[in-house]
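**Q** Requesting a structural model of the entry that follows:
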Amino acid sequence: MIVVDPLFSPRKTGVLRGRLLAAFTLVELLVVIAIIALLIGLLLPAVQGAREAARRTGCQNNLRQLGLALHIYESTYRNYPPSLAWSGLSASDDTANAVWSAQARLMPFVEELAMGAEILRQLPVPYSRATLADGRTLIAGLKIPTLLCPSESNLAIRLKNGVPEHAPLNYAINMGTWMVFTPASKTGGNGAFYPNSKLRPGQFSDGLTKTIALAEVKTYTPHFRNAAQSAPVQATTADAICSLGGEFKNDLPALGSGHTEWVDGRTHQTGFTSTFPPQTSVPCSRPSGDYNIDWTNQQEAKSLTIPTAAAVTARSHHIGIVNFVLMDGSVHAASDRIDAVLWQALSTRAGGETVAENY
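**A** Residues are numbered from 1 along each chain as shown. From the prediction side, this is the model:
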C-alpha cells in the first residue's frame, strides 16, 4: 500500500511554493535603501563630530604633557629651556649644542625617556648626526606622538636617500610678537623663548598664567626664509608678507617644509609668533600655485649680524579654535576670532598688558 505524505498533497504544495516565492518588490527594496541612506546621513555628522571631539581632547592632553614637562625642566635646571643654544661665534650648525630645539630638550621629561636620555647625552653633537644607541637611527627622523595632534593629516617623515631624516610637529614654542633674536647684541625678543634665553619664572612679570608657552601649528607649512633685511619692519597686514621675499621653501605643490623638523630650534621649524591671530590666512601667489605662508627674515644661528624677525602663525585643523598651553601648564583654546591685541598680549612675557580671560 502506498502512503502519501499529506504535506505533499497538490493543494498544500502550492501553498508552500507560494510562501517560498514571496519576496520584496523592487519598490520595497528602494524604500529600504533610501531609509538606510537617510539614517547614515543623519548619523555620520554626529560620528564625525564625536571623533573630532576625541582628537581635540587628545591634542589638549599632549599640550598638557608638554606643559608639565616644562615645569619639571625648570625644577631640574632652575630655568626654562632656550629655543636653541648657539655660541654666536660662527654661522654654522656645528657650534654650541648644535641648535637643538626646546621641544627636544623637554623629551627626557615626557614619555620618551630612552630617546630623551640619548638627546641629553648627545647635545654637543649636531642633531643632523645624533643617533640612538644603535648608531644608525637618526633621532631627528623619529616620529614623536606627544608632538603630533591627532587631527593632523600630514604626518609624513622627510626622507634623505630613503632614510628617515626629519619628522614633523604640531606644537610650537612662543617666540613673541615679531622680533625673535638680534645676533649682533645677542638679545632676544619678547616671547617666552629665544636663542640662549634660559629665562626664570621671575622674569615673566606678566605672570605665568598670562603667557603662552606652546601653541598649535600645522605641519608642512610653505614659508619664506633668509630675506636678510638689516632692519625688518613689522608687517601690519597678512597680505604684505608675501612681498617681503626671501628663499621660498615648498617641497610639494601647496606644501612646504616649515614645522617638519622637531629637533631644529629655529622659529620656522619649532616656533610661532603672534604677528597675526590664530588661523590667519597669509596668502601668497607663486608660479607653482597659491599658498598660505609663514615668513622668517633670517634663520637663527645662520648669520652673525642679520636679525631674526618672523611672522609664523599658529594654526590648527580644529574648526574655529587653536589649542595652547600657558607657562603655568594650563591648557586653553583660542577662538580664531580672538582679538589680535589680546593674542599678542598673551605672547609677551613682560609687556605689562591687561589680559582678559576671554579667548
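**Q** pull the longest helix from the chain.
**A** Secondary structure of the chain per DSSP state H: the longest helix is helix 26-77.
**Q** What residues of the helix or strand following it count as buried?
**A** Next helix or strand after helix 26-77 toward the C-terminus (DSSP states H and E): helix 102-106. The neighbour-count check on helix 102-106 (16 or more other C-beta atoms under 10 Å) flags Ala102, Gln103, Ala104, Arg105, Leu106 as buried. Every C-beta, even on glycine, is put in place using the N, C-alpha and C of the backbone.
**Q** again, but for stretch 173-192
**A** By neighbour count on 16+ other C-beta under 10 Å, the buried set for stretch 173-192 is 173-183, 188-192.
**Q** between these, which is closest to Thr348?
**A** Asn190 (4.6 Å; C-beta to C-beta).
**Q** Pull the contacting residues for the closest one.
**A** By C-beta atoms under 8 Å, 6 or more residues apart in numbering, Asn190 lies in contact with Gly176, Thr177, Met179, Ser347, Thr348, Arg349, Ala350, Gly351.
**Q** Assign a three-state SS to the first one, would you?
**A** With DSSP: H, G, I helix; E, B strand; the rest coil as the basis, the three-state label of Gly176 is coil.
**Q** Now do the contacts for it.
**A** With contact taken as C-beta under 8 Å, 6+ apart, Gly176 is in contact with Gly188, Gly189, Asn190, Gly191, Ala192, Tyr194, Thr273, Ser274, Ser347, Thr348.
**Q** which one is it nearest to, not counting chain neighbours?
**A** Of all residues not flanking Gly176 in the chain, Gly191 sits nearest, at 3.0 Å (C-beta to C-beta, 6 or more residues apart in numbering).
**Q** any chance you could map the helices in this structure?
**A** 10-21, 26-77, 102-106, 113-122, 267-270, 340-346.
**Q** Show me how far the fifth one is from its chain's centre.
**A** Averaging C-alpha coordinates over helix 267-270 and over its chain gives two centres that are 10 Å apart (C-alpha atoms, centre = their mean, to the nearest Å).
**Q** List the buried residues in that helix.
**A** Under the neighbour-count criterion of 16+ other C-beta under 10 Å, helix 267-270 has Thr267, His268, Gln269, Thr270 buried.
**Q** And the furthest pair within the residues you listed?
**A** His268 and Thr270 (8.5 Å).
**Q** Now list whatever residues contact both of the two.
**A** His259.
**Q** Contacts only, for the spatially most central residue of the chain.
**A** By C-alpha atoms, centre = their mean, the mean C-alpha position of the chain lies nearest to Asn170, the distance being 1.4 Å. By C-beta under 8 Å, 6+ apart, the residues touching Asn170 are Cys59, Asn62, Leu147, Leu148, Cys149, Glu152, Glu216, Val217, Lys218, Thr219, His259, Ser316.
**Q** my guess is the fourth one contacts Ile157, does it?
**A** This means Leu148. No: using C-beta atoms under 8 Å, Leu148 is not in contact with Ile157; the gap is 11.2 Å.
**Q** neighbour-wise, which of these two wins?
**A** Comparing Leu148 with Ile157 by other C-beta atoms under 10 Å, the one with more neighbours is Leu148, at 20 against 15.
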